[in-house]
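Asks: Sharing a model prediction with you, sequence too.
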Amino acid sequence: MSVKRKDLADIGDRDFSIRQGEYMQCQKCGESIGGTQGDYFMYAMDDVLTCPACQSENLAIVRDIVKTVKVKH
């Protein structure tokens, strides 16, 4: 899967509050990379982004989900 700058959340978008916290993760090496359009302002909107660690185009847009589990009551 390749990610383009236009796929990333933008702080000016009306849905930014929903997409806040997204970032990219390389599916080849696991590197975590910033995930807003502003992080890549020097790229055109249709440019395919690559992993800075391994140069792979196999990036995914991800978000961490935190789950609270009761261990004792």
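Replies: Arrived safely, thanks for sending.

Asks: Can you show me the CA trace of the helix or strand where residue 61 lies as PDB?
Replies: For residue 61, the element it lies in under DSSP states H and E is strand 59-62. Output of strand 59-62 as PDB, limited to C-alpha atoms (Å, rounded to 0.1, in the frame of the first residue of the first chain):
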ATOM      1  CA  LEU A  59       3.300   2.500   4.500                       C
ATOM      2  CA  ALA A  60       0.000   2.300   6.300                       C
ATOM      3  CA  ILE A  61      -1.900   5.100   8.100                       C
ATOM      4  CA  VAL A  62      -2.400   3.900  11.700                       C
END
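
Asks: Give me the contact list for that strand.
Replies: For strand 59-62, contacts defined as Cβ atoms under 8 Å, 6 or more residues apart in numbering pick out 1-3, 7-8, 22-27, 33, 35, 49-51. (Glycine included, C-beta is placed from N, CA and C.)

Asks: Tell me the helices and strands packed up against the host helix or strand of residue 24.
Replies: Here residue 24, judged by DSSP H and E, is contained in strand 23-26. Here strand 23-26 touches strand 32-33, strand 59-62, going by 3 or more Cβ pairs under 8 Å, 6 or more residues apart in numbering; DSSP states H and E.

Asks: Which among those strands is found nearest to residue 12?
Replies: Residue 12 lies closest, by Cβ to Cβ, to one member of the helices and strands packed on strand 23-26: strand 59-62, at 17.6 Å.
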